[in-house]
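Peer 1: Structure of the sequence below:
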Amino acid sequence: TIEDNEILNDFDGSGGGIYCLQSMPLIQGNRIARNQARFGPAIYAWASTPLIVGNTIASNSMYVLMPLFFGAVEGAISIHLADDALVEGNRIVGNTAATGAGLYFSAFRAGQVRNNLFVGNHAYDPTTFGGMGGGAYVMVTTNATSSIQLVNNTLVSNVGSNLFQEMGGGIAFTLVPPATNLVIANNLILSNSSGLYQTLTTPMPEAARTSVRCLILSGILPASLSITMRVQGRRRSA
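Peer 2: All right, here's what the predicted structure looks like:
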């Protein structure tokens, strides 16, 4: 258990604040701010089952000093090969990374991201003048045994775009073919550079059980979005 700490101004290659490897940590009630790393400047978890609950994750990034440092590759919280991770009730504010500035979530079997506040996160890679998934980026792999859930989150004033297109100011996601187990439901996506963005894969899933039910008040569709997506060979962006 890592609880009620302040983790500030640390530096590492992965996990500037906290690094988890093949573990089941409870990370609760911490303030993790102004840390620097290429992968997971605040929290990095590999092949772990973290419970990340009620933390403040703020202003984490990576130095940009080219040609030595090119900024963070993945978001403030970066989770890979998660067996059943939970990210709940966190304030994720003002972080910067190329993909999933607030949260980069790659689930192995299952996982939930719920009741979080994502504000003012910026997906930015200085080499491409932009980034993807300002608030959060989720990758669903073929190993997912149940739905990966992003529910009841609030995403405000996040940015995910480049010089040519919007790439999910609120949320970006990838379904690795033939993966389909993703639920994005009951989220408030407000005043971001855009709403939702799905990456193009080869082949695209033919019939997805991906459910999307969000209130989007910015981006390409500034209206209530209530659909069940069936991915049939083209990228979806909203």
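Peer 1: Without its sequence neighbours, what residue ends up closest to N143?
Peer 2: Nearest residue to N143, sequence neighbours excluded (Cβ to Cβ, 6 or more residues apart in numbering): F108, at 5.2 Å. Where you see a C-beta, it was placed from the backbone N, CA and C, and this is true even at glycine.
Peer 1: Report the contact partners of that neighbour.
Peer 2: Going by Cβ atoms under 8 Å, 6 or more residues apart in numbering, F108 touches A47, L81, A82, D83, T141, N143, A144.
Peer 1: so what strands line up beside whichever strand or helix holds it?
Peer 2: Take DSSP states H and E as the rule and F108 turns out to sit in strand 103-114. Paired strands of strand 103-114, with direction, are strand 77-88 (parallel), strand 136-140 (parallel), strand 148-151 (parallel) (DSSP bridges).
Peer 1: How much space separates the closest residue to A172 other than its chain neighbours from T145?
Peer 2: Leaving aside its sequence neighbours, A172 sits nearest to G133 (Cβ to Cβ, 6+ apart; 3.4 Å). G133 is 24 Å from T145, where distance means Cβ to Cβ, to the nearest Å.
Peer 1: Compare those two and say which is more crowded by neighbours.
Peer 2: G133 (33 against 11; other Cβ atoms under 10 Å).
Peer 1: my guess is that one contacts T174, does it?
Peer 2: No: counting by Cβ atoms under 8 Å, G133 does not reach T174; the two are 9.6 Å apart.
Peer 1: Now do T96 against M139, distance only.
Peer 2: Following Cβ to Cβ, the distance that separates T96 from M139 is 20 Å.
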